[in-house]
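>>> sequence and computational prediction follow.
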Amino acid sequence: MNRPVETYSETIQRCNDILAAVGFASSLFLQSANWQDALENALQQLGQATRANRAYFFENHLRDDGDVLTSQLAEWAAPGIQPQIDNEALQNLSYQELGLLRWVDVMNDRKPIHGLISSFPKAEQAILESQDIQSLIAMPVFSQGQLVGFLGFDDCESLREWSRAEFDALFAAAVALGAAIDRQHLEHQIHFSQKMEAIGRLASGIAHDFNNSLQAIVGLTQVAKLKIKGQDSVQGNLDGVLLATDRAHGLTRQLLSFSRKQASHQKNVNLGQVCESVVTMAKPVLDGRAEISVSTASPPPVVFVDESLVSQVILNMCLNARDAVPSGGVIQVRCGRELLSKKRLDLYPEIEPGEFAVVEVRDNGCGMSPEVQDRIFEPFFTTKAVGEGTGLGLSVAYGTVQQFGGFIEVTSELGDGTEFRVYIPIATDQEILTSAKMSVADGGGEMILLVDDEEIVRESFKELLMIAGYRVLTASNGVEALQQYQVHSDEISLVVSDTVMPEMDGVAMVDSILKTNEHAKIILLSGYSLSPPSFIKNHDNFLMLQKPIGGPTLCQAMRRLLD
């Protein structure tokens with residue numbers, strides 16, 4: 001049946017109604033905290049204004065094999081029209097399997113699908129006619145430059161040709177919906193970044209204080225070992241204490257890596273080889289539970305990273321996938337390249353567009369709920385049982401990848417597996433830094449100025465250095481240290497100082513010392529970072545070491561400067 005012919009005034013009124021509905025819908029989309037909450041109300045307004053029988057939104061998503069699926073997310077139906085929102089046949093539809101690839105091609109060109117169903121290709125008609133649709137218009141919705149779905153409007157009662165005014169108005173509604181999706185993604189990213197920054201500051205503070213405590217334990221234990229030589233049983237117990245502190249230091253290293261205050265040793269790395277090595281390493285720990293494979297683009301991407309840290313990121317994701325898949329599950333690791341535009345990186349304004357290496361880790365496991373996805377990068381958050389995980393793996397991965405100028409994205413649905421995508425900028429020509437090896441030697445009576453605000457750390461270091469054959473002056477902060485240095489500058493061979501202290505920190509103290517003696521030999525110790533201040537980076541007689549540090553390692557570093 002054809003629609004009754006409208007009078008001119010009726011056409012004008014309908015156009016005004018549509019424009020008003022588009023304005024209302026746009027306002028709803030952009031003012032709602034969650035665009036999905038506004039969807040049904042907006043569809044009702046748009047559907048009524050266009051005199052459609054149904055209005056709906058289909059959202060696209062990817063299947064594990066990469067096929068593009070679409071599912072009806074929301075719908076409004078006019079009185080007397082059968083709603084389709086509960087129609088399971090309209091969930092997880094494959095464009096390819098239904099013969100609707102034409103829709104994808106047309107909509108990717110930012111054009112609508114429209115017209116009489118009888119004029120559509122035969123392969124497309126069956127699923128549409130089963131819903132009593134005689135005519136429709138489907139407007140593409142884009143977010144971050146990607147086709148994320150479409151707004152659709154059905155006429156189930158007449159053979160309707162859609163007007164240019166309707167095209168333009170509904171296109172504006174689709175643009176507003178895409179903008180709302182973009183805005184929500186961006187707000188989520190900003191909120192997440194701010195939250196992670198705050199947690200990172202907390203984590204680094206905890207790590208610093210914990211490292212100071214560990215330093216005291218290490219120092220006192222090593223002093224005790226030196227004082228009770230020959231008592232094997234006690235020596236064994238003290239070795240156990242040192243082993244436990246080393247494990248605890250591993251935890252602080254993870255915290256510092258998460259907060260991006262952990263030093264890294266970067267070089268140009270073949271990421272394809274890293275992926276292959278990680279998969280080889282992961283196979284024995286899969287316990288036959290899952291099949292794991294790796295594929296790499298040719299030529300493989302090269303990135304400027306710390307190889308061990310990136311290996312840890314990929315391995316962590318493989319182990320998480322192992323824990324998520326059922327027996328006989330599948331884990332796929334893929335390494336390739338992708339050119340990311342400025343539009344694609346809208347959610348990451350601090351990252352420059354260009355060519356990126358991409359590592360995908362995909363599994364066919366249990367998947368994650370949206371609530372879990374929102375928290376997976378938080379430190380100490382875990383869905384595993386007590387004792388089975390620290391909740392630091394993914395948070396460390398997040399901080400590590402950001403440290404190298406990249407980012408991580410995740411796609412997951414409950415019961416439908418998970419895919420992590422790690423993006424790291426392709427390497428440019430960079431200087432690869434190397435570090436010299438230290439030699440072992442005892443002290444020769446040199447005077448050492450030892451500076452630390454923690455008395456227990458200061459005293460344990462002092463005793464260790466005296467046992468090693470050094471003379472030691474101590475100070476509890478930078479101000480005291482400068483006073484000692486002024487009095488004993490002719491005798492002091494080396495300054496060993498903490499970095500973070502009250503009154504005057506180690507950096508300010510070193511700056512003052514170098515102004516009076518540019519050849520001063522200095523070691524800074526840090527519970528935070530191994531990134532030296534710029535004014536002493538190239539100083540020949542300077543080293544920066546991380547707490548906790550054992551006596552032998554410190555003595556090696558001291559001999560390196562003193563000799």
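Nice, thanks for sending it over. Keep in mind that what you see is a predicted model, and the values were worked out from it rather than measured.

>>> low pLDDT regions in the stretch 1-150 of the chain?
1-11, 64 (pLDDT under 70).

>>> and the strands in it, which stretches?
Per DSSP state E, counting those that start in this stretch, the stretch 1-150 of the chain carries strands over the ranges 54-62, 68-77, 93-94, 113-116, 135-143, 146-155.

>>> dump those strands to a markdown table, plus distance to Leu39 and mean neighbour count.
All C-beta atoms are positioned from the backbone trio N, CA, C, and that covers glycine. Shown next, in a markdown table, are these (distance: least, CB to CB, whole Å; neighbours: other CB atoms under 10 Å):
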| stretch | distance to Leu39 | mean neighbour count |
| --- | --- | --- |
| strand 54-62 | 6 | 21 |
| strand 68-77 | 4 | 19 |
| strand 93-94 | 19 | 16 |
| strand 113-116 | 20 | 17 |
| strand 135-143 | 11 | 23 |
| strand 146-155 | 10 | 22 |
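
>>> take those and write them to TSV, including distance to Ala357.
Output for the strands of the stretch 1-150 of the chain, formatted as TSV (distance: least, CB to CB, whole Å):
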stretch	distance to Ala357
strand 54-62	20
strand 68-77	24
strand 93-94	30
strand 113-116	36
strand 135-143	24
strand 146-155	20
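
>>> ok, which of those comes nearest Leu414?
strand 54-62 (12.7 Å; CB to CB).

>>> what's the closest one packed up against?
helix 35-49, strand 68-77, strand 146-155 (3 or more CB pairs under 8 Å, 6 or more residues apart in numbering; DSSP states H and E).

>>> do that again at 10 Å, thanks
Counting contacts by 3 or more CB pairs under 10 Å, 6 or more residues apart in numbering; DSSP states H and E, strand 54-62 packs against helix 35-49, strand 68-77, helix 101-108, strand 135-143, strand 146-155, helix 164-227.

>>> I'd say Asp346 and Ile181 touch.
No - using CB atoms under 10 Å, Asp346 is not in contact with Ile181, being 11.3 Å away.

>>> those two: which is more packed in?
Ile181 (20 against 15; other CB atoms under 10 Å).

>>> just to revisit the earlier point, now the common contact residues for Asp346 and Ile181.
Residues touching both Asp346 and Ile181 (CB atoms under 10 Å, 6 or more residues apart in numbering) are Ser143, Gln144.

>>> CA atoms only: put stretch 445-458 into CSV for me.
Taking Å, rounded to 0.1, in the frame of the first residue of the first chain, the C-alpha atoms of stretch 445-458 are listed here in CSV:
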residue,chain,number,x,y,z
GLY,A,445,90.4,3.3,54.3
GLU,A,446,88.7,6.0,52.2
MET,A,447,86.4,8.5,53.9
ILE,A,448,82.8,8.1,52.9
LEU,A,449,80.0,10.7,53.6
LEU,A,450,76.8,8.6,54.1
VAL,A,451,73.5,10.5,54.0
ASP,A,452,70.1,9.0,54.8
ASP,A,453,67.1,10.3,56.9
GLU,A,454,66.2,6.8,58.1
GLU,A,455,68.5,6.1,61.1
ILE,A,456,68.2,2.3,60.8
VAL,A,457,69.2,2.4,57.2
ARG,A,458,72.0,4.9,57.9
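
>>> what comes up buried for that stretch?
Glu446, Ile448, Leu449, Leu450, Val451, Asp452, Asp453, Glu454, Val457, Arg458 (16 or more other CB atoms under 10 Å).

>>> show me how far that stretch is from its chain's centre.
A distance of 40 Å separates the centroid of the chain from that of stretch 445-458, by CA atoms, centre = their mean, to the nearest Å.

>>> again, but for stretch 415-429
The answer for stretch 415-429 is 10 Å, by CA atoms, centre = their mean.

>>> do stretch 457-466 as well
That offset, for stretch 457-466, works out to 41 Å (CA atoms, centre = their mean).

>>> and it, what's buried?
For stretch 457-466, by 16+ other CB under 10 Å, it's Val457, Arg458, Glu459, Ser460, Phe461, Lys462, Glu463, Leu464, Leu465.

>>> immediately after the helix or strand of the chain with the lowest mean pLDDT, which helix or strand?
When the helices and strands of the chain are compared on mean pLDDT, DSSP states H and E, helix 232-258 comes out lowest with a mean of 65. Going down the chain from helix 232-258, the next helix or strand is strand 267-270, by DSSP states H and E.

>>> next helix or strand past that following strand?
helix 271-282.

>>> list the helices and strands the next helix or strand after that next one packs on?
Using DSSP H and E, the helix or strand that directly follows helix 271-282 along the chain is strand 290-296. Applying 3+ CB pairs under 10 Å, 6+ apart, one finds that strand 290-296 contacts helix 271-282, helix 307-324, strand 329-340, strand 354-363.

>>> I'd like those laid out as JSON lines, including mean neighbour count and mean pLDDT.
Below are these laid out as JSON lines (neighbours: other CB atoms under 10 Å; pLDDT from 0 to 100):
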{"stretch": "helix 271-282", "mean neighbour count": "19", "mean pLDDT": "88"}
{"stretch": "helix 307-324", "mean neighbour count": "21", "mean pLDDT": "85"}
{"stretch": "strand 329-340", "mean neighbour count": "18", "mean pLDDT": "92"}
{"stretch": "strand 354-363", "mean neighbour count": "22", "mean pLDDT": "94"}
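
>>> tell me which of these sits nearest to Ile127.
Of all the helices and strands packed on strand 290-296, strand 354-363 comes closest under CB to CB, at 28.9 Å.

>>> adjacent strands (with direction) for that closest one?
strand 329-340 (antiparallel), strand 418-425 (antiparallel) (DSSP bridges).

>>> looking at those strands, which is closest to Ile376?
Here strand 418-425 is closest among the strands paired with strand 354-363 (CB to CB), at 9.4 Å.

>>> now do the closest one and strand 54-62, the angle between them.
Here strand 418-425 points in a direction 70 degrees away from that of strand 54-62 (axes from the mean of the first three to the mean of the last three CA atoms, to 10 degrees).

>>> helix or strand next in line after strand 418-425, which one?
Strand 418-425 is succeeded, C-terminally, by strand 447-451 (DSSP H and E).

>>> strands paired with that following strand, and their directions?
Assessed with DSSP bridges, strand 447-451 is paired to strand 471-475 (parallel), strand 492-498 (parallel).

>>> from the chain's centroid, how far away is the first one?
Computed by CA atoms, centre = their mean, the separation of strand 471-475 from the middle of its chain amounts to 45 Å.

>>> what residues of it count as buried?
For strand 471-475, by 16+ other CB under 10 Å, it's Val472, Leu473, Thr474, Ala475.

>>> how about a markdown table for these, with pLDDT and distance to Leu340 added?
Listed next are the buried residues of strand 471-475 as a markdown table, based on pLDDT from 0 to 100; distance: CB to CB, whole Å:
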| residue | pLDDT | distance to Leu340 |
| --- | --- | --- |
| Val472 | 93 | 55 |
| Leu473 | 94 | 55 |
| Thr474 | 94 | 53 |
| Ala475 | 94 | 51 |
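
>>> among those residues, which two are most distant?
The widest separation within the buried residues of strand 471-475 (CB to CB) is 10.7 Å, between Val472 and Ala475.

>>> tell me, what's touching those two both at once?
Leu449, Leu450, Arg458.

>>> residue ranges of each domain in this structure, please.
Listed by automatic domain parsing, the domain ranges of the chain are 8-183, 188-258, 267-425, 447-562.

>>> hmm, back to that, please identify which of the shared contacts of Val472 and Ala475 is nearest to Asp86.
Among the shared contacts of Val472 and Ala475, and counting by CB to CB, the member closest to Asp86 is Arg458, at 71.4 Å.

>>> which residues touch that closest one?
When the contact criterion is CB under 10 Å, 6+ apart, the partners of Arg458 are Gln215, Ala216, Gly219, Leu450, Val451, Asp452, Val472, Thr474, Ala475, Ser476, Asp498.

>>> residues in contact with the nearest residue to the third one once chain neighbours are set aside?
Take Gly219 and drop its neighbours on the chain: the residue closest to it by CB to CB, 6 or more residues apart in numbering is Ser460, 2.8 Å away. Ser460 makes contact with 215-224, 452, 454, 551, according to CB under 10 Å, 6+ apart.
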